[in-house]
Every structure is written in C-alpha cells, then in structure tokens.
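Asker: Any chance you could fold what I've pasted below:
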Amino acid sequence: MSEWFEVREVDGDVLAISEPRHWEQVISYLIVGREAAVLLDTGMGIDDIQQLTSSLTDKPITVVNSHYHWDHIGDNHRFEHIAIHADEASLLEHEPPEGMLLEAMRPENFWGATPEGFDPAQYSIPLSTADRLLKEGDVLDLGDRRLKVLHTPGHSRGSICLLSEDGLLFTGDTAYAGPLYAHFEESESQVYRETMKRMSALAGELRLVLPSHNETPLDPHILVEMADGFKQIAGGAVGWQRVQSQWGPLRRYDFDRFGVLLPLGR
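Answerer: Predicted coordinates:
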C-alpha cells in the first residue's frame, strides 16, 4: 500500500483516504455497498488513488466529485465513471490555473516525503470528463446503501454533499474544521449562509459529519455552530481581522472550531 495515503475505517465499509503529508490534508472517501462503491473525490493526484482503491474493494467504483477544485479531482483521469454536479462538469475539462498549482507544490507545503518518482516541478492535473451530471435529490444506489445528493453551493456553485440513510453526511468543502473558503470569485457568502442553515437543520438526524479536509469524523453539532457563525457575520455581530493570502487581502472571522474567509471588498 502507498505510504502517501493513510487509510482508516470511519464507519462500516466507509474508508477515509487522507493525504497527511501535504498541508491541504485532503480526505477522500471510499463508500462500499453490496453491489457498487463510490469514491468521493480523487485527491491531489500526487499518488495513484485508483490503484489503492482497487486493492480495497472488488466492487465497481464510480467517482463522485464534491466539487471541481484541483485538490479533489487530481486522479479523476484514472477512472472510467465520474459524476459531478451539472454546474461544474465543464470545468473538469479546463486546466487549473498554473500559478495555483505552483503555489501548492512549494517545498514548505509538504510535511513529509513525496512518493518515489513524483516531481513537484512537473505537477499537473490531467483533464477528465464526467459521464453523469448530478442534481439536487439524485440518489446513488450501491445495493444496500443509498446516498442522496444535496446541492450545497457557497464554497463553489456546484458543491454537493452526500447524505446516507444511516445518518452520515459527507460534506466535501462545505463544512470542515478549519477556515471555510468563501472568498473565491464563484463563492457567495449569502448563498453559503443559506446552505449552512439548511445543513444545521439536519444535525439532529445525523450520526457523523465526514468532511474532505483536516479532522474526520466530526460531531453533527458543528453544523449548528457554523450556521450561527454565518448568521453572526451577516449581522455584523462578530469582529474580523485582515489577512494577506495568495488571493490577496481577506477578512478572516474566527470561531471556536472553524473560521470563515471572505473577500475584503465584498
């Protein structure tokens, strides 16, 4: 098994596949059912997640992208079947900005050795094509496990979460313990606020929240905290500080278990 990935079971037949040697701390999930499996995101493409997942299950695997950002689609090209929200399918066929990838591959961003043969200077994300376009309410049937698609825009216009019938919510980059990125050009803070309000309403029926970065799993109450945080921001009830980033100056709001990054000018 590749030493780049760390694999652990977070629930029955749900494996978290993390990449802890890079500061992004990306987490993909292999969700295995009786008849089929879903791989939620394919990570950064620094090592071969297709080879890894095929060693973990003999079920046919469909990739579902939580959204189109580079750190979640890196190994899409190795898979035959890819599903993504209809709003972002065309973006899989465009190369990520070169400057963003160069920034990600700076030596200080790695917290350990890279796989043998990997050259950060040659890093790129091969293009891929989705063969299924997802929308709100779609269901992915794995045989004995069904995953419902929730359209959760805010971080990006086509961000989705997957909700299982047994109380698991896979949140992608919509919710995780860390600074939530709501400052991209396609991000909309008001839309993000409405999404978090909707997510918080689910908290009482959830067992686990499974995000795509940092710590996993999380307790569902964090969704309530996030919804309240966005409400406080909208009402001007919480202070912020100016931070400089690769995207320019931002407003950063800090809460106990998460933060929110917003553009300085809007």
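
Asker: For the stretch 151-266 of the chain, which residues score under the pLDDT cut-off?
Answerer: For the stretch 151-266 of the chain, residues meeting the criterion pLDDT under 70 lie at 186-187, 266.

Asker: residues in contact with Trp4?
Answerer: By C-beta atoms under 8 Å, 6 or more residues apart in numbering, the contact list for Trp4 reads Glu19, Arg21, Ile46, Asp47, Thr114, Pro115. Quick note: C-beta positions are derived from backbone N, CA and C, even for glycine.

Asker: Pull out the buried residues from these.
Answerer: Burial by neighbour count, 16 or more other C-beta atoms under 10 Å: within the contacts of Trp4 this picks out Glu19, Arg21, Ile46, Asp47, Thr114.

Asker: Could you pull up phi and psi at Asn109?
Answerer: phi -80, psi -10 (degrees, to the nearest 10).

Asker: For the closest residue in space to it that isn't next to it in sequence, give its distance to Thr129.
Answerer: In space, and not counting its chain neighbours, Asn109 is closest to Trp23: 4.9 Å by C-beta to C-beta, 6 or more residues apart in numbering. Trp23 is 29 Å from Thr129, where distance means C-beta to C-beta, to the nearest Å.

Asker: Repeat that for Leu15.
Answerer: For Leu15, the distance to Thr129 equals 26 Å [C-beta to C-beta].

Asker: So between these two, which is more surrounded?
Answerer: More neighbours surround Leu15 than the other of Leu15 and Thr129, with 20 against 12 (other C-beta atoms under 10 Å).

Asker: OK, contacts around that one?
Answerer: Val7, Arg8, Glu9, Tyr29, Leu30, Val32, Leu56.

Asker: For the last one, grab phi and psi.
Answerer: When you say that, I think you mean Leu56. Note on Leu56: its backbone torsions stand at phi -100, psi -20 [degrees, to the nearest 10].

Asker: The fifth one now?
Answerer: Summarising the backbone geometry of Leu30 under the convention degrees, to the nearest 10, its torsions are phi -100, psi 120.

Asker: What score does it have for pLDDT?
Answerer: Per-residue pLDDT puts Leu30 at 98.

Asker: those helices in the stretch 51-200 of the chain, which residues are they?
Answerer: For the stretch 51-200 of the chain, the helices defined by DSSP state H, counting those that start in this stretch occupy 98-104, 189-200.
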